[in-house]
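Enquirer: Fold the following, please.
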Amino acid sequence: MIQLIAIDDEPLALRLLEVYIQKTPGLTLLASCHSAREAVPWLDKADALLIDINMPDLSGMDFVRSLEEPPLVIFTTAYAEYAVDGFRVNAVDYLLKPFTLAEFQQAIRKLEERMAVRQLDKRTDDGILRLSSAHRSIQLDTNRIRYIEGMGEYLKIHLDGEAVPMILLYRMKNLQEELPKDRFQRIHKSYIIPVSRVREAKRNAVTLADGTTLPVGESYLEAFRARFSL
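Expert: Numbers count the residues shown, from 1 in each chain. Predicted coordinates:
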């Protein structure tokens, strides 16, 4: 069961969250709070917060930013202009009031996915990453990764010593979050590379140790050039 704290200074909005939680399997309402400060005693037990942004005394955004290790967060608000700030604090989702039960449950599915990523992020000192894909458990040796290629909802993981890449039903963004950031870099919407395998870095392309040349996407150019001092 996912343990939730609902936080909203508007009684009707808070009641709606309570009803939606009751109608969604797998959820438990840990606490229903009219302010962010009311939620503090429950934080250690919570898996996630459903929190309004625009509240008197202490806004939901400021509250989340103040927490050293916040639970996962789904923001709820009537103001669309806060969306960018919400994602800057790594929110799971952003629900714009008034939202439907279907929209709420879609956000919960994203929450379940993010929780699964956290639970499966059991990286060991020897570089083994444990993943779950299509009802099977996989141990991925990150030291053997040549590069990772995205294909829609699937990934092709090219490994040392394997003529055929490993195919996984897994999101590129999720795997990117799980890989060690000091060792791997996303350079394109379709490619993640191990930094140690870069043989030559150009301003818009990279050649790996095995001779593979990959493009650098425009959205990733700034971070790529900064890392390789281009």
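
Enquirer: what about L96, how many neighbours?
Expert: 14 (other Cβ atoms under 10 Å). (Each C-beta comes from the backbone N, C-alpha and C, glycine too.)

Enquirer: What does the pLDDT read for it?
Expert: Note for L96: predicted pLDDT of 90.

Enquirer: looking at it, it is touching T77, isn't it?
Expert: Yes - with contacts counted by Cβ atoms under 8 Å, L96 reaches T77, the gap being 6.8 Å.

Enquirer: shared neighbours of these two, which are they?
Expert: Counting by Cβ atoms under 8 Å, 6 or more residues apart in numbering, L96 and T77 have no shared contacts at all.

Enquirer: Where does pLDDT dip in the protein?
Expert: Applying pLDDT under 70 to the chain flags the ranges 80-89, 117-126, 133-136.

Enquirer: try 50
Expert: 122-125 (pLDDT under 50).

Enquirer: Please state the backbone phi and psi of T77?
Expert: The phi/psi pair for T77 (degrees, to the nearest 10) reads phi -160, psi 160.

Enquirer: Contacts for the one helix or strand Q105 maps to, please.
Expert: In the assignment (DSSP states H and E), Q105 maps to helix 101-120. Contact with helix 101-120 is made by 2, 20, 23-24, 26-27, 47-48, 72, 74, 92-93, 95, 130-132, 171, 174, 177-178, as judged by Cβ under 8 Å, 6+ apart.

Enquirer: With stretch 3-20 instead?
Expert: So stretch 3-20 is contacted by 21, 27-36, 38-39, 42-43, 45-52, 55-56, 60, 71, 76, 97, 101, 104-105 (Cβ under 8 Å, 6+ apart).

Enquirer: before we move on, back to that, can you get me the centre-to-centre distance for the helix holding Q105 and its chain?
Expert: In terms of Cα atoms, centre = their mean, to the nearest Å, the centre of helix 101-120 is found 10 Å from the chain centre.

Enquirer: helices or strands up against the helix or strand following it?
Expert: With elements assigned by DSSP H and E, the helix or strand that comes after helix 101-120 is strand 128-133. In this structure, strand 128-133 packs against helix 101-120, strand 136-141, strand 166-169, helix 172-178, with contacts taken as 3 or more Cβ pairs under 8 Å, 6 or more residues apart in numbering; DSSP states H and E.

Enquirer: The second one: partners in the sheet, and parallel or antiparallel?
Expert: In the sheet, strand 136-141 lines up against strand 128-133 (antiparallel) (DSSP bridges).

Enquirer: With the shortest one instead?
Expert: Based on DSSP bridges, the strands next to strand 166-169 in the sheet, each with its direction, are strand 154-159 (antiparallel).
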